[in-house]
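> Provided below for reference: sequence and predicted model.
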Amino acid sequence: MTKHGKNRVQLAPEFPALDTMRAIGALAVLTTHAAFQSGDYLRYGVFGSLLSRLDIGVALFFVLSGFLLARPWLARAATRSAGPGLGRYYFKRVLRIYPVYVVTVVAAFTLIRVNHGRSFNDWVTTLLLGDPYVESRLNQGLTQMWSLSVEVAFYVVLPLVMWLAIGAGRELRTARILTLMAGLTALTVWWHLGLADVIAPHTSGNPMMWLPAFLVWFAVGIGFAWAHVLGQGSHNPPRMVRGLWSMGSMPGVCWVLAGGLMLVAASPIAGPTLLFVATPGQSLTKHLLYAVVAGLVVLPGIFAPVGSSYARALSWSPLRHVGHISYSIFCIHLPILYGVMSVTEYPLFGGHGLQIWTLTLALSLVVAEVLYRVVEMPFMRLKDLGRQRPPAAPPSRKPQTSTTR
């Protein structure tokens, strides 16, 4: 938001710093998995506990999804425009996530020995991202994909969520948005404190890996989208919106606060560091802390002034490129990690954390680059398939001018 505000909402602005946020999220998830395999969670005191909490990368992804996917609906409502077409929206989501996911499933099922012999039903369930709903344990090399199942569930319900936020009149009302965010947060709280336990005996899956457990993370992103649209479109936005824009212009403060809260999250108040079951209170505390931390990290990526040193640093093209390939990194890093452990014969929980992390990161970057160019980009080029293009402008009769290099 400029000093004097803006009177026009941009329907499709660019947020280059958020590409780097994706890179941070993917590298955090990779790092926590490598640290788990090496046993470094319990080897380095507070630092080891912080390594175990780098699954915060998933919260970053969900906050980013909430912001980037909700903003087009909210921006169109603010400008009284028609919302995004549902068919096109779902088609783009499938193109974005499914091709690389299929490649990863095939790799994990064929290359990881313990996955051999899966039945046809196992293949179908996994390819349809249904494992968290029917299995208590996930397939080796694919244990991170529970979060992709949650992400896809959010994709499916987002049009309904946006209808609740906007209504049929396509008008952006602050009270309605805030009520929606409160409702999503309340459902997450209820899920952690009892509703999931009520559902658990009636399913063979794991309700704590279902969308309601994480709605508060998406709600943070939706709130940022509302604040960004309202801050652009009003000369005198609400105080809450002005506060978010002001806070986002102070990235140092945001990151210091996020670091302090991560130390809190690394304590027993947020549950055990290993695969022990947390109490409902610990589970909820961890999720709420992650919501705030992820929000603080993402906030300046959205609201920091475009010409600031922070915005320029996070818009550095090499960092953004890692963000571009971050989805492939997220998908493929666990099969690669299992390959690294197998080839090197490093024992599980036997140390060598730096070596395991370095090999996994290097190989994941290489394979993700290939997947991005060979799988992701070709499929994403199909996103406008069938869309009618505007007629070409008639050729100009003015003489062409030459250009120099």
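Received, thanks.

> can we go C-alpha only for contacts and neighbour counts from here?
OK.

> Quick one: the helices in the stretch 151-300 of the chain, in order.
All helices of the stretch 151-300 of the chain, identified by DSSP state H, counting those that start in this stretch, fall at 174-190, 196-199, 215-233, 239-248, 251-265, 280-303.

> Can you tell me which of these is most buried?
helix 215-233 (a mean of 26; mean count of other Cα atoms under 10 Å).

> For the residue at minimal distance from the centre of the chain, report the pLDDT, please.
Nearest to the geometric centre of the chain sits Phe61, at 1.4 Å (Cα atoms, centre = their mean). Per-residue confidence at Phe61 stands at 97 (pLDDT).

> host element of it?
helix 56-78 (DSSP states H and E).

> Buried residues in the helix or strand following that helix, which are they?
Downstream of helix 56-78, the next assigned helix or strand under DSSP H and E is helix 86-111. Buried residues in helix 86-111, counted by 16 or more other Cα atoms under 10 Å: 92, 95-98, 100-101, 103-105, 107-109, 111.

> Helix 86-111 packs against which elements?
For helix 86-111, the elements it packs on are helix 120-127, helix 146-166, helix 326-344, helix 377-380, judged by 3 or more Cα pairs under 8 Å, 6 or more residues apart in numbering; DSSP states H and E.

> For Thr20, find the nearest of the ones you listed.
Of all these, helix 326-344 sits nearest to Thr20, with 9.2 Å by Cα to Cα.

> Can you spell out which helices and strands pack onto that closest one?
Using 3+ Cα pairs under 8 Å, 6+ apart as the contact test, the elements touching helix 326-344 are helix 16-38, helix 86-111, helix 353-371.

> can you list the ones you listed in TSV and add mean pLDDT and distance to Gly45?
Listed next are the helices and strands packed on helix 326-344 as TSV, based on pLDDT from 0 to 100; distance: least, Cα to Cα, whole Å:
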stretch	mean pLDDT	distance to Gly45
helix 16-38	96	13
helix 86-111	95	33
helix 353-371	97	15
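
> want to try a markdown table for those helices, with distance to Pro207 as columns?
Below are the helices and strands packed on helix 326-344 laid out as a markdown table (distance: least, Cα to Cα, whole Å):
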| stretch | distance to Pro207 |
| --- | --- |
| helix 16-38 | 21 |
| helix 86-111 | 22 |
| helix 353-371 | 30 |
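
> And the pLDDT for Arg397?
41.

> surely Lys92 meets Lys383?
Yes - Lys92 is within contact range of Lys383, at 5.5 Å (criterion: Cα atoms under 8 Å).

> returning to what we had before: looking at the buried residues of helix 86-111, which one is closest to Ser342?
Checking these against Ser342 with Cα to Cα, the nearest one is Leu111 at 11.0 Å.

> What are the neighbouring residues in contact with the closest one?
Not one residue lies near Leu111 by Cα atoms under 8 Å, 6 or more residues apart in numbering.

> Pick the most deeply packed of the helices and strands packed on helix 86-111.
Ranked by mean neighbours (mean count of other Cα under 10 Å), the helices and strands packed on helix 86-111 are led by helix 326-344, with a mean of 22.

> Tell me what angle that helix forms with helix 16-38.
20 degrees (axes from the mean of the first three to the mean of the last three Cα atoms, to 10 degrees).

> ok, and what's touching helix 326-344?
22-23, 26, 29-30, 33-34, 100-101, 104, 107-108, 112, 140-142, 144-145, 347-348, 356, 359-361, 363-365, 367-369, 371-372.

> hmm, 6 Å instead?
Around helix 326-344, the neighbours that count as contacts under Cα atoms under 6 Å, 6 or more residues apart in numbering are 23, 26, 104, 108, 141, 360, 364, 368.

> which residues does the fifth one contact?
With contact set as Cα under 6 Å, 6+ apart, Gly141 has these partners: 108, 334-335.

> Likewise for the last one?
Ala368 is in contact with 325, 328-329, counting by Cα under 6 Å, 6+ apart.

> Going by distance to Arg71, which of these wins?
Distances from Arg71 to the contacts of Ala368, taken by Cα to Cα, are shortest for Ile325, at 22.7 Å.

> number of nearby residues for that closest one?
25 (other Cα atoms under 10 Å).

> Look up how far Pro335 lies from it.
If you measure Ile325 against Pro335 using Cα to Cα, to the nearest Å, the figure is 16 Å.

> for Gly259, same thing?
30 Å.

> again with Leu257
34 Å.

> next one: Ala35
Distance from Ala35 to Pro335, by Cα to Cα: 15 Å.

> Phe349 too?
For Phe349, the distance to Pro335 - Cα to Cα - is 17 Å.

> go on, Ile222?
Distance of Ile222 to Pro335, computed by Cα to Cα: 33 Å.

> returning to what we had before: out of the helices and strands packed on helix 86-111, flag the one nearest Leu289.
helix 146-166 (17.8 Å).

> and the angle from the closest one to helix 215-233?
Going by the same axes, to 10 degrees, helix 146-166 makes 50 degrees with helix 215-233.

> what angle do helix 146-166 and helix 174-190 make?
Using the same axes, to 10 degrees: helix 146-166 against helix 174-190 is 150 degrees.

> Distance from helix 146-166 to the middle of the chain?
13 Å (Cα atoms, centre = their mean, to the nearest Å).

> C-alpha coordinates for that helix, CSV please?
C-alpha atoms of helix 146-166 as CSV (Å, rounded to 0.1, in the frame of the first residue of the first chain):
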residue,chain,number,x,y,z
TRP,A,146,-0.5,-36.8,3.2
SER,A,147,0.0,-33.0,2.9
LEU,A,148,-0.7,-33.2,-0.9
SER,A,149,-3.9,-35.0,-0.1
VAL,A,150,-4.8,-32.1,2.2
GLU,A,151,-3.8,-29.6,-0.4
VAL,A,152,-6.0,-31.3,-3.1
ALA,A,153,-8.9,-31.4,-0.6
PHE,A,154,-8.5,-27.6,-0.2
TYR,A,155,-8.5,-27.2,-4.0
VAL,A,156,-11.8,-29.1,-4.2
VAL,A,157,-13.6,-27.1,-1.5
LEU,A,158,-12.1,-23.7,-2.3
PRO,A,159,-15.0,-22.6,-4.6
LEU,A,160,-17.4,-23.3,-1.7
VAL,A,161,-15.2,-21.5,0.8
MET,A,162,-15.1,-18.5,-1.6
TRP,A,163,-18.9,-18.6,-2.0
LEU,A,164,-19.2,-18.5,1.8
ALA,A,165,-16.7,-15.5,1.8
ILE,A,166,-18.3,-13.6,-1.0
